[in-house]
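**Student:** with the input below, show me the fold.
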Amino acid sequence: MQQPHKENIMRKVIGVIALLGIGLVGCAPTALYDVREGSKVWTMTVDGHLIRPDTAGTFTYKTSEYEMTLTLYRTIIAFTLVNLSDKVLRLSWDESAMVLSDGRSSRVVNGGTTWGDRNAPKPPSIVPPKAKISDAFYPLATAYFSNGWNFEPLFDYPVSKETNIRISVALTVGDQPQRKDFLFTAKP
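**Tutor:** All right, here's what the predicted structure looks like:
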């Protein structure tokens, strides 16, 4: 009699694992788009400098003060920001924006934003000297709520025409404000 009880417990455990797996897949930035494949058609330009992605599909921009690694997904732009300086670095969410492929400007929020607070002012992300943060730019113009946050795609895939997506990032290093525009361009 104990064997069937163990089988029932195992079935329940497997069922919970399967449900968790389905839930996690639903949270992924995209299910069909592989950034490594996308790296074959996308480039990034910053201050007139062309940057090609590495084999993992990430783009890296580096100055003497910080390094920013960006990954373009179908619905968001993920990033890691490393402070290389001895000064505090701030990323202002309220002064940053994304220009979508159709030319619309979109406010962006970070991964800690709730649906109810999406239009409220956001405090800046603080990066202490020699530290880093990882987050993503989530464009509100493409956001909708259906059993949680969802986003319309930033671009068609496969890419069939030249497409531009720009993220304008407001940074402050110490007391010096800077604006960096990261322009992603796809040419099929």
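**Student:** pLDDT below threshold where in this structure?
**Tutor:** Along the chain, the parts satisfying pLDDT under 70 run over 1-32.
**Student:** quick one, what contacts the residue most central in space within it?
**Tutor:** Nearest to the mean C-alpha position of the chain, by CA atoms, centre = their mean, lies Ala78 at 2.3 Å. Counting by CB atoms under 8 Å, 6 or more residues apart in numbering, Ala78 makes contact with 29, 70-71, 134-136. Every C-beta, even on glycine, is put in place using the N, C-alpha and C of the backbone.
**Student:** show me the contact partners of stretch 59-66.
**Tutor:** Residues outside stretch 59-66 that contact it (CB under 8 Å, 6+ apart): 44, 46, 51-54, 67-72, 81-85, 87, 89, 127, 171, 173, 180, 182, 184.
**Student:** alpha carbons only: can I get whichever strand or helix holds Arg179 in PDB?
**Tutor:** Following DSSP states H and E, one finds Arg179 within strand 176-186. The C-alpha atoms that make up strand 176-186 are tabulated as PDB, following Å, rounded to 0.1, in the frame of the first residue of the first chain:
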ATOM      1  CA  GLN A 176      28.400  64.900 -14.400                       C
ATOM      2  CA  PRO A 177      25.200  64.100 -16.400                       C
ATOM      3  CA  GLN A 178      25.600  62.100 -19.600                       C
ATOM      4  CA  ARG A 179      23.200  60.900 -22.200                       C
ATOM      5  CA  LYS A 180      24.000  57.800 -24.300                       C
ATOM      6  CA  ASP A 181      22.000  56.700 -27.300                       C
ATOM      7  CA  PHE A 182      22.300  53.100 -28.200                       C
ATOM      8  CA  LEU A 183      21.000  52.600 -31.700                       C
ATOM      9  CA  PHE A 184      20.200  49.000 -32.700                       C
ATOM     10  CA  THR A 185      19.900  48.500 -36.500                       C
ATOM     11  CA  ALA A 186      18.900  45.300 -38.300                       C
END
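**Student:** how close does Val173 get to Glu152?
**Tutor:** From Val173 across to Glu152, the span is 34 Å (CB to CB, to the nearest Å).
**Student:** of those two, give the one with the bigger neighbour count.
**Tutor:** The neighbour count for Val173 versus Glu152, taken as other CB atoms under 10 Å, is higher for Val173 (19 against 12).
**Student:** now do the more buried one against Leu84, distance only.
**Tutor:** As for Val173, its distance to Leu84 is 10 Å (criterion: CB to CB).
**Student:** equivalent analysis for Arg179, please.
**Tutor:** 19 Å.
**Student:** same check on Pro139?
**Tutor:** 28 Å.
**Student:** also Val127?
**Tutor:** Using CB to CB, one gets 10 Å for the distance from Val127 to Leu84.
**Student:** between the two, which is the more surrounded one?
**Tutor:** Val127 (21 against 16).
**Student:** so that one touches Ile133, yeah?
**Tutor:** Yes: under the criterion of CB atoms under 8 Å, Val127 makes contact with Ile133 at 5.4 Å.
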